[in-house]
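# Generate a structure from the sequence data that follows.
(one chain, ligands or ions: 1)
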Amino acid sequence: MSENGRWRPATRTAHGGHDSSTHGDVVPPLRPATSFARDAAYKLIAPGSYSRDDNPTYTEPEALLADLEGGAAAMLFASGMAAATAVVMALQPGDRIAAPTIMYWGLRDWLIEFCGQWGLGLDLFDVTDPAALGGVLQPGKTKLLWIETPANPTWDVMDIAACAAAAKAAGARLAVDSTVPTPVLTRPIEHGADIVFHSATKYLNGHGDVVAGALVTAQADDFWGKIRSVRTHGGAVLGPFEAWLLQRGMRTLFIRVARASANALAIARHFEGHPKLTAVLYAGLESHPGHAIAARQMRGGFGGMLSLRVAGGAEQALAVAAGLRLIVRATSLGGVESLVEHRASIEGPDSPVPPDLLRLSIGIEEPEDLIADLEQALGAT
Ligand SMILES: *Cc1c(COP(=O)(O)O)cnc(C)c1O
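Residues are numbered from 1 along each chain as shown. Coordinates of the predicted model:
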């Protein structure tokens, strides 16, 4: 690892952040032990005694992720939700959280349910209204501003630097859900974020076979220590095998994200203005209201996620999804294969997502095949 700083991020990632000079393994070993031995003087032979606290299989992927995000430290969790809820559980009763109405729905619903129960205040704001954020931040009371950009599933863009400045002025930390851009496209800490969140289930692993979460912190401060305590005592740790698979998946992160972004842009450009669609929501299109901000804070692409609004409402949207032959009807995102989802069906009647919206997670297939599949499904309706 000592020489690692000499190489560019994609190069360091291709090697998985792995140091082959210690044991000689070209790929990382899997270390499944739950308990670690002590010497005759009762000192641990290596750091870490029990795998609910830590596991050696985490060390390299955590260091790689902290490195890619430009953070001080990273922590892996049993899922994205375990990581996000650990941040919230590190707050004190009476603290307030500000979060957008449009964001990953599972977390939004959990915040609505959990905050009241634990004496935390929750202030939801509309990301499409530039004045809304200022209205919800309460200086001295708001302790966490949680944002997601581009935000699921409408891909509204938030200005990370502006949010960081507003959070700082109110005495709050800024946490950014950066699952969709990944550190390949956006490094929120460079724009002033305190904590970066990833559902590592998505692009970081990228192969649809691991549920995992990760946090990266700008500073290894007391708050980070509290989050670590939540992970250890709440047992929100990742299994070693999952950590090992995640590290393997991360090795191809840069080429996967670049290819998915290029494919998504090609699809968005092809279908913008299509007679069977009322909108193509993608931050990479110049017509997208968040394009200028996205262009400023995203480098090398706009990600693999986009949504289509289908003319004719929910029924037509579901008919288009039903007609797809290559793109798989399934939840989740960030894998090598393209997926489609009718979010309103998944989120239920209280969902703020338009019923005519289909969310696409674009994979690394040939773009011509993806376009042909969407064209035939749209043409058949
Ligand atoms: C999937 C997802 C989450 C939740 O992560 P899990 O790994 O499913 O627990 C949070 N935010 C975003 C943007 C996601 O896509």
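
# hmm, whichever strand or helix holds residue 246 touching the ligand?
Applying DSSP states H and E as the criterion places residue 246 in helix 240-250. No. Using C-beta under 6 Å from any ligand atom, helix 240-250 stays clear of the ligand, coming no nearer than 11.0 Å. The C-beta positions use only the backbone N, C-alpha and C, and glycine is treated the same way.

# Between helix 240-250 and the helix or strand following that helix, find me the angle.
Once the chain leaves helix 240-250, the next helix or strand it forms, by DSSP H and E, is helix 253-271. Angle, helix 253-271 to helix 240-250, by axes from the mean of the first three to the mean of the last three C-alpha atoms, to 10 degrees: 60 degrees.

# May I see the buried residues of helix 253-271?
Counting neighbours by 16 or more other C-beta atoms under 10 Å, one finds that the buried residues in helix 253-271 are 253-254, 256-268, 270-271.

# Any regions of the chain where pLDDT drops low?
Counting by pLDDT under 70, the ranges of the chain that qualify are 1-5.

# show me what contacts the residue lying closest to residue 274 once chain neighbours are set aside?
Of all residues not flanking residue 274 in the chain, residue 378 sits nearest, at 6.8 Å (C-beta to C-beta, 6 or more residues apart in numbering). Residue 378 sits next to 274, 276-277, 310, 320, 323 when contact means C-beta atoms under 8 Å, 6 or more residues apart in numbering.

# Does residue 153 fall in a helix, a strand, or a coil region?
coil (DSSP: H, G, I helix; E, B strand; the rest coil).

# Smallest distance to the ligand belongs to which residue of the protein?
Distance from the ligand to each residue of the chain (C-beta to the nearest ligand atom) is smallest for residue 80, at 2.2 Å.

# want to throw the contacts of residue 378 into TSV with neighbour count?
TSV is the format used below for those (neighbours: other C-beta atoms under 10 Å):
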residue	neighbour count
274	16
276	17
277	20
310	27
320	24
323	15
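
# What about the residues you listed, which are in strands?
277, 310 (DSSP state E).

# Neighbours of the residue nearest to residue 230 when sequence neighbours are not counted, how many?
Leaving aside its sequence neighbours, residue 230 sits nearest to residue 86 (C-beta to C-beta, 6+ apart; 4.2 Å). Per other C-beta atoms under 10 Å, the neighbour tally for residue 86 reads 23.

# mind listing what residue 86 touches?
Going by C-beta under 8 Å, 6+ apart, residue 86 touches 77, 215, 227, 230-231, 234, 236.

# For the stretch 201-350 of the chain, which residues are neighbours of the ligand?
So the stretch 201-350 of the chain meets the ligand at 201-202, 211, 213, 333 (C-beta under 6 Å from any ligand atom).

# From these, pick the one nearest residue 58.
Proximity of these to residue 58 was ranked by C-beta to C-beta; the top entry is residue 213 with 12.2 Å.

# Assess the claim that the closest one and residue 80 are in contact.
Yes. With contact defined as C-beta atoms under 8 Å, residue 213 counts as touching residue 80 (3.9 Å).

# any residues in contact with both of these two?
Counting by C-beta under 8 Å, 6+ apart, the shared contacts of residue 213 and residue 80 are 197-201.

# ok so, going back, farthest pair in the residues of the stretch 201-350 of the chain next to the ligand?
Using C-beta to C-beta, those span at most 14.4 Å, a distance reached by 213 and 333.

# name the helices or strands packed onto the strand or helix carrying residue 358?
Per DSSP H and E, residue 358 falls inside strand 357-361. Secondary-structure packing of strand 357-361 (3 or more C-beta pairs under 8 Å, 6 or more residues apart in numbering; DSSP states H and E): strand 305-310, helix 314-323, strand 339-341, helix 343-347.

# For the last one, what is the distance to the chain centroid?
Offset of helix 343-347 from its chain centre (C-alpha atoms, centre = their mean, to the nearest Å): 19 Å.

# And it, what's buried?
The neighbour-count check on helix 343-347 (16+ other C-beta under 10 Å) flags 343-344, 347 as buried.

# Okay, the nearest residue to residue 229 once chain neighbours are set aside and residue 106: tell me how far apart.
Residue nearest to residue 229 in three dimensions, not counting chain neighbours: residue 90, with 7.8 Å by C-beta to C-beta, 6+ apart. Distance, residue 90 to residue 106, by C-beta to C-beta, to the nearest Å: 19 Å.

# need the contact list for residue 309.
Applying C-beta under 8 Å, 6+ apart to residue 309 gives the contacts 277-281, 317, 354, 356-358.

# In JSON lines, list these along with distance to residue 295.
Formatted as JSON lines, the contacts of residue 309 follow (distance: C-beta to C-beta, whole Å):
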{"residue": "277", "distance to residue 295": "23"}
{"residue": "278", "distance to residue 295": "24"}
{"residue": "279", "distance to residue 295": "19"}
{"residue": "280", "distance to residue 295": "17"}
{"residue": "281", "distance to residue 295": "16"}
{"residue": "317", "distance to residue 295": "29"}
{"residue": "354", "distance to residue 295": "25"}
{"residue": "356", "distance to residue 295": "27"}
{"residue": "357", "distance to residue 295": "24"}
{"residue": "358", "distance to residue 295": "25"}
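
# which parts of the stretch 1-150 of the chain sit against the ligand?
Selection of the stretch 1-150 of the chain residues close to the ligand by C-beta under 6 Å from any ligand atom yields 79-81, 104, 106-107, 148.
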